[in-house]
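S.K.: Give me a 3D structure for the following:
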Amino acid sequence: MGGFISLFWPTNTPSIKEPDYNSVENEVIGGDMGASVSTVTRQSGRTHKMVFVANMELGMGKGKLAAQVGHACLGVYRFAMNSSEGKAAINSWTRRGEVKIVVKGNTTQHLSELYKKAKKLQLYAYLVQDAGYTQIPAGSRTVLGVFGPVEDVDQVTGDLKLL
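M.R.: A predicted model of the protein is given here:
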């Protein structure tokens, strides 16, 4: 009835990195909430980012909004992973801190216009359409996710205010 537990630690395991206190994520948390996305994003070697535009006219609660941002993140990620170019972009983004920013969009029409602009720039974009089970009507467009090179994403979302 004895047991044997083997502890094996691979030698090629990446080391744990110290937090980068100058990162975009830390600046956003403590930053000026009236700042725009392009103001917050600094040149720090980051090549790609994901921005989520929340439809503010819907008046979603915090939990609902968090869930919708999650849907947008997964949607954009899956869309990008469908191509070799997208996979390379995701890999670059992953190695450089996976920058994700949430900003305010005005209306459903505003999100639709931003989506069209993102597609025109050949960015990965995903517009979440709610199923309508809880707070808002079915078919409501809740969050737009945009992913790609920092400079291109800024052309779409750079003037929007942080949420």
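
S.K.: Secondary structure element for residue 75, which one?
M.R.: Assigned by DSSP states H and E, residue 75 falls within helix 62-80.

S.K.: List the buried residues for the next helix or strand after that helix?
M.R.: For helix 62-80, the succeeding helix or strand toward the C-terminus, using DSSP H and E, is helix 84-95. The neighbour-count check on helix 84-95 (16 or more other C-beta atoms under 10 Å) flags 86, 89, 90, 93 as buried. Any C-beta I mention is one placed from the backbone N, CA and C, and that applies to glycine too.

S.K.: Would you confirm that the first one contacts residue 78?
M.R.: No: the pair residue 86 and residue 78 does not pass the contact test of C-beta atoms under 8 Å, sitting 9.5 Å apart.

S.K.: related to what we said a few turns ago, can you add distance to residue 99 and pLDDT and give the buried residues of helix 84-95 back as TSV?
M.R.: Formatted as TSV, the buried residues of helix 84-95 follow (distance: C-beta to C-beta, whole Å; pLDDT from 0 to 100):
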residue	distance to residue 99	pLDDT
86	16	97
89	12	97
90	12	97
93	7	96
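
S.K.: May I see these arranged in CSV, with distance to residue 126 as well?
M.R.: Below are the buried residues of helix 84-95 laid out as CSV (distance: C-beta to C-beta, whole Å):
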residue, distance to residue 126
86, 12
89, 14
90, 14
93, 15
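
S.K.: now, among those residues, which is nearest to residue 163?
M.R.: Nearest to residue 163 among these is residue 93, at 20.5 Å by C-beta to C-beta.

S.K.: Tell me who's in contact with that closest one.
M.R.: With contact taken as C-beta atoms under 8 Å, 6 or more residues apart in numbering, residue 93 is in contact with 47, 48, 49, 50, 99, 147.
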